[in-house]
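Peer 1: Got a predicted structure here, sequence first:
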Amino acid sequence: MAAPPPVIIWGHEVLRLLHYRDLIPRLEDALAKFSRRDSAEVVQPVRTTVALQKHRGFLGMMPCYMENDGVLCTKLVCFYNREEGSTLPPVQATVVLLDPEYGNVKAVMEGEVITCMRTAAVSAISAKLLMRPGTEVLAILGSGQQARSHYTVFTEIFSFKEVRVWSRTREGAERFCRSVAGPVIVCGSAEEAVRGADAIVTVTGSTEPVLCGHWVKPGAHVAAVGACRPDWRELDDALMKEAVVYADSREGATAESGDVILSGVEVFAELGDVLNGTKAAHREKTTVFKSLGMGVEDAVSAKLVFDKWNAYTTSQL
């Protein structure tokens with residue numbers, strides 16, 4: 001019997017169906033499974049990239065198979081080092097969900113919302129595990145879509161008294177402030193934004209360090225999301241060597257993260273190790289979570305969207 005045609009789920013529908021309260025526990029479970037290295041739990045190679053030299057970008061391919069959960073998925077993501085002032089998007093993504101038994105495509109989803117939300121959710125998980133209790137000040141370096149998704153989830157699950165933002169342009173920072181629900185302080189420099197901050201999120205397109213270790217409050221937690229190439233950086237050596245470094249994937253960080261590779265530091269643990277109880281959460285120390293993004297995060301998110309889409313369409317019949 002022929003398989004039904006694939007479902008197309010556009011970005012506005014993904015946004016309607018995907019919520020952090022549902023997504024975060026599923027991602028925690030997936031991160032724990034990934035770090036157990038059980039071949040039946042998560043099969044996921046390191047992201048494969050193809051250089052788009054003419055356009056200063058890369059195509060990344062991120063497949064994942066979760067045998068016990070019956071999930072087969074891949075994401076195709078193009079990411080670019082855009083020139084300042086460019087109106088072109090820095091990231092474009094498509095997520096494909098397949099039937100692992102028959103091999104047919106079940107759904108094609110606009111991947112930008114999934115990428116932003118699952119990335120921000122994993123950063124929030126890192127903060128749940130590693131951030132000191134009683135934190136009051138959040139600093140965000142960057143003002144794009146990832147900055148907005150991180151603001152949303154961090155202010156949804158934590159209680160900050162103050163949120164600061166810095167962007168390469170004041171226009172970008174002010175645009176960010178208009179796009180979010182709560183009050184934000186626009187800072188004139190990255191140093192001004194992070195001085196005294198308890199939690200720092202770096203979501204820039206920078207290829208050179210924008211965050212210096214001597215600005216960072218001892219015991220702060222840093223979620224570093226940008227700089228996803230071996231020669232790109234957001235954090236300087238002083239911060240990387242002072243902090244206890246965690247990652248979503250140790251293999252991914254040592255292959256793709258310029259912050260890790262060029263500083264020469266060791267990744268202490270994966271978030272999944274902490275969730276599994278096999279590595280400590282050093283809340284008393286300065287911590288860095290280096291986020292690269294993983295196919296299993298996209299797979300879990302896509303399955304959640306597809307299941308909710310099915311439930312919604314069935315209820316309309």
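Peer 2: Structure's in. What do you need? Residues are numbered from 1 along each chain as shown.
Peer 1: where do the helices sit along the stretch 101-250 of the chain?
Peer 2: Ranges of helices within the stretch 101-250 of the chain are 112-130, 145-157, 170-179, 190-194, 237-242, 250-256, based on DSSP state H, counting those that start in this stretch.
Peer 1: Can I get those helices in TSV including distance to Thr287 and mean pLDDT?
Peer 2: C-beta here means a position set from N, CA and C on the backbone, and glycine is covered the same way. Shown next, in TSV, are the helices of the stretch 101-250 of the chain (distance: least, CB to CB, whole Å; pLDDT from 0 to 100):
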stretch	distance to Thr287	mean pLDDT
helix 112-130	4	97
helix 145-157	15	96
helix 170-179	25	94
helix 190-194	14	98
helix 237-242	10	97
helix 250-256	14	94
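Peer 1: what's the most buried one of these?
Peer 2: Burial of these is given as mean neighbour count (mean count of other CB atoms under 10 Å); helix 112-130 ranks first at a mean of 25.
Peer 1: between that helix and helix 145-157, how many degrees?
Peer 2: Following axes from the mean of the first three to the mean of the last three CA atoms, to 10 degrees, one obtains 50 degrees for the angle between helix 112-130 and helix 145-157.
Peer 1: Could you export helix 112-130 as PDB, CA atoms only?
Peer 2: The C-alpha trace of helix 112-130 is given here as PDB (Å, rounded to 0.1, in the frame of the first residue of the first chain):
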ATOM      1  CA  GLU A 112      13.400  28.000  12.100                       C
ATOM      2  CA  VAL A 113      11.000  27.900  15.000                       C
ATOM      3  CA  ILE A 114      12.100  24.400  16.000                       C
ATOM      4  CA  THR A 115      15.800  25.500  15.900                       C
ATOM      5  CA  CYS A 116      15.200  28.600  17.900                       C
ATOM      6  CA  MET A 117      12.900  27.000  20.500                       C
ATOM      7  CA  ARG A 118      14.900  23.800  21.100                       C
ATOM      8  CA  THR A 119      18.200  25.700  21.300                       C
ATOM      9  CA  ALA A 120      16.800  28.100  23.800                       C
ATOM     10  CA  ALA A 121      15.100  25.300  25.800                       C
ATOM     11  CA  VAL A 122      18.400  23.400  26.100                       C
ATOM     12  CA  SER A 123      20.200  26.600  27.200                       C
ATOM     13  CA  ALA A 124      17.400  26.900  29.900                       C
ATOM     14  CA  ILE A 125      18.100  23.300  30.900                       C
ATOM     15  CA  SER A 126      21.800  24.200  31.300                       C
ATOM     16  CA  ALA A 127      20.800  27.100  33.600                       C
ATOM     17  CA  LYS A 128      18.400  24.800  35.600                       C
ATOM     18  CA  LEU A 129      21.300  22.500  36.200                       C
ATOM     19  CA  LEU A 130      24.200  24.900  36.600                       C
END
